[in-house]
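Engineer: Need coordinates for the following:
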Amino acid sequence: MRSDVVKKGIPAAPNRSLLYALGYTKEELEKPLIGVVCSYNEIVPGHMNLDKIAEAVKAGVRAAGGTPVEFPAIAVCDGIAMGHVGMKYSLVTRDLIADSTEAMAVAHQFDGLVMIPNCDKNVPGLLMAAARVNVPTIFVSGGPMLAGHLNDGRRTCLSHMFEAVGSYYAGKLDEAGVEEYENNACPTCGSCSGMYTANSMNCLTEAIGMGLRGNGTIPAVHSARLRLAKHAGMKIMELVEKDIRPRDIMTEAAFHNAEAIDMALGCSTNTMLHLPAIAHECGIELSFDMANEISGQTPNLCHLAPAGDTYMEDLDRAGGVYAVMAELAKAGLIDTSLPTCTGKTIAENLEGVVNRDHSLIRSIDNPYSKTGGIAVLKGNLAPDGCVVKQSAVAPEMMRHEGPARVFNSEEEAIEAIYANKIVAGDVVVIRYEGPKGGPGMREMLNPTSAIAGMGLDKDVALITDGRFSGATRGASIGHVSPEAASGGVIGLVEEGDLIAIDIPAHTIALKVSDEVLAARRAKWVCPEPKIKTGYLARYAKMVSSADKGAILG
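Structural biologist: Numbers count the residues shown, from 1 in each chain. Presented below is the predicted three-dimensional model:
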């Protein structure tokens with residue numbers, strides 16, 4: 001066993017003495033040591049139940065003959081961090097989580113790992129760590145939140161809550177109306193109830209083969225989630241015995257499967273940051289351009305919130321991620337020969353899987369659209385690309401041309417939006433919010449939700465070198481690369497410039513001549529860094545562009 005180096009022989013006697021100090025017995029140390037990486041904390045609603053999940057995992061490990069050893073991972077609540085300096089610390093935690101988990105797993109020589117994440121950055125962060133450490137590993141998330149209910153019976157969620165603030169500033173909702181959303185949008189523990197980033201990544205963990213069936217969709221408050229956790233604890237012992245490792249599962253073909261399932265589900269645009277970063281740790285390069293190629297042949301089968309009015313609990317009842325995979329498999333759009341953490345192939349996993357609700361998971365021959373949920377656009381404004389969740393864009397905004405309204409920070413933009421200074425036809429440009437320029441590439445859920453809440457989501461586009469929450473809807477185009485702080489063209493846009501967006505054609509153009517842009521570039525001076533000390537300053541110096549996954553060099 002890998003852990004023998006700290007458990008067996010005279011040279012390991014000092015190590016054993018410290019393990020005995022923890023209360024472990026000789027009998028326990030004769031079994032495989034399984035690291036249980038739990039991101040439980042008391043500030044993230046998606047993580048408040050993870051202590052229960054960890055106990056269930058440990059019960060499963062013990063039942064299958066292993067010795068579980070729990071240690072923590074951090075997690076930020078993006079919703080609580082939204083709209084202020086805290087959001088600069090969201091994306092950057094992905095690398096802190098990967099680094100710290102790698103350090104703990106290698107320092108203590110665990111034989112296998114069970115990862116227990118739930119929210120936006122600790123799912124990809126732990127997948128990155130799994131790829132680096134490459135010992136047998138399985139994932140079990142904390143599960144999604146149930147949708148809320150307003151007083152009139154309508155269901156609601158966090159994206160509605162953010163949009164309610166915009167409605168208030170537009171005079172469409174009073175303070176009591178905002179409070180009603182406030183008290184009902186997030187009724188249970190769990191990752192927020194729509195197809196936002198956390199649920200997107202948990203579903204893709206299942207799709208890529210690193211989580212058991214139901215990992216992405218079983219609600220956090222259902223007892224089935226505890227049974228799943230116990231089974232994950234049992235299954236890790238089989239993976240250790242058979243020496244099935246993350247890089248055996250997370251192959252190039254598996255990432256292409258994940259991208260196809262991403263397109264069918266209508267996942268968050270943040271997957272375009274996280275999948276390349278995870279693949280990078282596996283020694284695989286996922287090209288930005290591959291997204292359009294896969295989207296071009298993969299239909300969009302689901303319209304969960306914010307694209308529609310259904311939620312993760314509905315997807316679970318309809319058959320979950322496996323039902324979506326089964327639809328794609330019918331058309332040969334995923335490779336079903338690949339291995340998974342079940343010890344079986346995808347094809348074996350899909351035996352007997354049924355789509356129980358064709359109104360929620362459309363059949364392959366009756367999709368919402370013939371192309372996938374995400375598109376990459378390119379043009380002189382974004383030579384290296386930018387990303388839009390096209391499944392959440394109104395038909396009338398799939399093509400749009402309008403004057404630029406330019407802001408050098410999220411705060412400047414939100415002030416103008418709340419002051420009703422943005423009008424139909426405008427293209428809001430928020431720059432210097434990229435990985436380097438932010439630093440930290442903040443999510444722009446406040447501006448996009450304000451625009452939607454004011455009823456302008458079918459009339460106004462928003463473009464940024466920052467990124468978006470999975471809760472964002474509308475013509476919201478992010479990840480503009482190169483970013484402004486790296487000398488990207490988005491830093492040269494001036495108030496009133498015309499910007500043309502054509503999502504079906506995958507193009508975005510700043511309608512300014514090359515000569516004018518050259519003259520502007522000659523005068524351009526990169527602003528002083530917004531943050532000059534601490535982790536963010538180090539991050540800004542090391543981070544790659546968004547089109548490369550915002551990875552650290």
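
Engineer: Can you show me the strands along this protein?
Structural biologist: For the chain, applying DSSP state E gives strands covering 33-38, 67-72, 112-116, 137-139, 148-149, 155-156, 375-379, 382-388, 399-407, 427-430, 461-464, 476-481, 498-502, 507-510.

Engineer: CSV for those, including mean neighbour count?
Structural biologist: Quick note: C-beta positions are derived from backbone N, CA and C, even for glycine. Output for the strands of the chain, formatted as CSV (neighbours: other CB atoms under 10 Å):
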stretch, mean neighbour count
strand 33-38, 26
strand 67-72, 19
strand 112-116, 28
strand 137-139, 30
strand 148-149, 17
strand 155-156, 20
strand 375-379, 22
strand 382-388, 24
strand 399-407, 18
strand 427-430, 26
strand 461-464, 28
strand 476-481, 30
strand 498-502, 18
strand 507-510, 20
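
Engineer: Export these to JSON lines and append columns for mean pLDDT and distance to residue 364.
Structural biologist: Output for the strands of the chain, formatted as JSON lines (pLDDT from 0 to 100; distance: least, CB to CB, whole Å):
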{"stretch": "strand 33-38", "mean pLDDT": "98", "distance to residue 364": "37"}
{"stretch": "strand 67-72", "mean pLDDT": "98", "distance to residue 364": "41"}
{"stretch": "strand 112-116", "mean pLDDT": "98", "distance to residue 364": "32"}
{"stretch": "strand 137-139", "mean pLDDT": "98", "distance to residue 364": "27"}
{"stretch": "strand 148-149", "mean pLDDT": "98", "distance to residue 364": "32"}
{"stretch": "strand 155-156", "mean pLDDT": "98", "distance to residue 364": "27"}
{"stretch": "strand 375-379", "mean pLDDT": "97", "distance to residue 364": "20"}
{"stretch": "strand 382-388", "mean pLDDT": "98", "distance to residue 364": "24"}
{"stretch": "strand 399-407", "mean pLDDT": "98", "distance to residue 364": "27"}
{"stretch": "strand 427-430", "mean pLDDT": "98", "distance to residue 364": "35"}
{"stretch": "strand 461-464", "mean pLDDT": "98", "distance to residue 364": "31"}
{"stretch": "strand 476-481", "mean pLDDT": "98", "distance to residue 364": "28"}
{"stretch": "strand 498-502", "mean pLDDT": "98", "distance to residue 364": "27"}
{"stretch": "strand 507-510", "mean pLDDT": "98", "distance to residue 364": "28"}
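
Engineer: how about those in TSV, adding distance to residue 14?
Structural biologist: Output for the strands of the chain, formatted as TSV (distance: least, CB to CB, whole Å):
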stretch	distance to residue 14
strand 33-38	17
strand 67-72	18
strand 112-116	24
strand 137-139	28
strand 148-149	54
strand 155-156	57
strand 375-379	54
strand 382-388	51
strand 399-407	59
strand 427-430	55
strand 461-464	54
strand 476-481	50
strand 498-502	64
strand 507-510	61
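
Engineer: who wins for proximity to residue 85 among these?
Structural biologist: Residue 85 lies closest, by CB to CB, to one member of the strands of the chain: strand 427-430, at 15.6 Å.

Engineer: Tell me where the longest helix sits in this structure.
Structural biologist: If you go by DSSP state H, the chain has its longest helix at helix 223-242.

Engineer: any idea how far it is from the chain center?
Structural biologist: 24 Å (CA atoms, centre = their mean, to the nearest Å).

Engineer: try stretch 250-264
Structural biologist: For stretch 250-264 - counting by CA atoms, centre = their mean - the centre lies 14 Å from the chain centre.

Engineer: How about stretch 106-120?
Structural biologist: The chain centroid and the centroid of stretch 106-120 are separated by 19 Å under CA atoms, centre = their mean.

Engineer: likewise stretch 507-527?
Structural biologist: 32 Å.

Engineer: Give me the distance between the two termini of it.
Structural biologist: End-to-end distance for stretch 507-527, by CA to CA, to the nearest Å: 28 Å.

Engineer: How about residues contacting that stretch?
Structural biologist: 377-382, 386, 401, 404, 408, 432, 437, 463, 477, 485, 487, 489, 491-494, 497-502 (CB atoms under 8 Å, 6 or more residues apart in numbering).

Engineer: do stretch 173-184 as well
Structural biologist: So stretch 173-184 is contacted by 148-151, 156, 160-161, 164-165, 167-168, 453 (CB under 8 Å, 6+ apart).

Engineer: Give the buried subset of these as a PyMOL selection command.
Structural biologist: A single PyMOL command suffices to select whichever of the contacts of stretch 173-184 are buried according to 16 or more other CB atoms under 10 Å:
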select buried, resi 148+156+160+161+164+165+167+168+453
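
Engineer: Save the contacts of stretch 173-184 as a markdown table, and put in distance to residue 537 too.
Structural biologist: As requested, those are exported to a markdown table (distance: CB to CB, whole Å):
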| residue | distance to residue 537 |
| --- | --- |
| 148 | 39 |
| 149 | 45 |
| 150 | 44 |
| 151 | 47 |
| 156 | 40 |
| 160 | 37 |
| 161 | 33 |
| 164 | 36 |
| 165 | 31 |
| 167 | 38 |
| 168 | 36 |
| 453 | 35 |
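
Engineer: Mind checking which of the contacts of stretch 173-184 are in helices?
Structural biologist: 160-161, 164-165, 167-168, 453.

Engineer: want to try JSON lines for those residues, with pLDDT and distance to residue 111 as columns?
Structural biologist: Below are the ones in helices among the contacts of stretch 173-184 laid out as JSON lines (pLDDT from 0 to 100; distance: CB to CB, whole Å):
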{"residue": "160", "pLDDT": "96", "distance to residue 111": "45"}
{"residue": "161", "pLDDT": "96", "distance to residue 111": "44"}
{"residue": "164", "pLDDT": "95", "distance to residue 111": "49"}
{"residue": "165", "pLDDT": "94", "distance to residue 111": "49"}
{"residue": "167", "pLDDT": "94", "distance to residue 111": "53"}
{"residue": "168", "pLDDT": "95", "distance to residue 111": "54"}
{"residue": "453", "pLDDT": "92", "distance to residue 111": "51"}
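
Engineer: Report the buried residues of the longest helix of the chain.
Structural biologist: Applying 16+ other CB under 10 Å to helix 223-242 flags 225-226, 228-240 as buried.

Engineer: any idea which of those is the one closest to residue 246?
Structural biologist: Closest to residue 246, out of all of the buried residues of helix 223-242 and judged by CB to CB, is residue 239, at 9.6 Å.

Engineer: any idea how far the closest one lies from residue 21?
Structural biologist: 29 Å (CB to CB, to the nearest Å).

Engineer: cool, and residue 95?
Structural biologist: 32 Å.

Engineer: Over to residue 61?
Structural biologist: 21 Å.

Engineer: Of those two, which one has the most company?
Structural biologist: residue 61 (28 against 8; other CB atoms under 10 Å).

Engineer: Beta-bridge partners for the nearest residue to residue 126 once chain neighbours are set aside, please?
Structural biologist: Leaving aside its chain neighbours, residue 126 sits nearest to residue 115 (4.3 Å; criterion: CB to CB, 6 or more residues apart in numbering). As for beta bridges, residue 115 partners with residue 37, residue 139 under DSSP bridges.

Engineer: pLDDT value on the closest residue to residue 142 other than its chain neighbours, please?
Structural biologist: Distances taken as CB to CB, 6+ apart put residue 118 closest to residue 142, at 3.7 Å, once the chain neighbours are dropped. For residue 118, the model assigns a pLDDT of 98.

Engineer: buried set for stretch 291-302?
Structural biologist: 291-292, 294-295, 298-302.

Engineer: Ends of it, what's the gap?
Structural biologist: 18 Å.

Engineer: before we move on, what about stretch 482-493?
Structural biologist: 13 Å.

Engineer: So which bits of that stretch are buried?
Structural biologist: Buried, per 16+ other CB under 10 Å, within stretch 482-493: 482-486, 488-493.

Engineer: Show me what that stretch is in contact with.
Structural biologist: Residues contacting stretch 482-493 (CB under 8 Å, 6+ apart): 380-384, 404, 406, 429, 431-432, 434-437, 463, 465, 480-481, 499, 510, 512, 517, 520-521, 524, 526-527, 545-546.

Engineer: in stretch 272-285, what's buried?
Structural biologist: Buried residues in stretch 272-285, defined by neighbour count with 16+ other CB under 10 Å: 272-282, 284.
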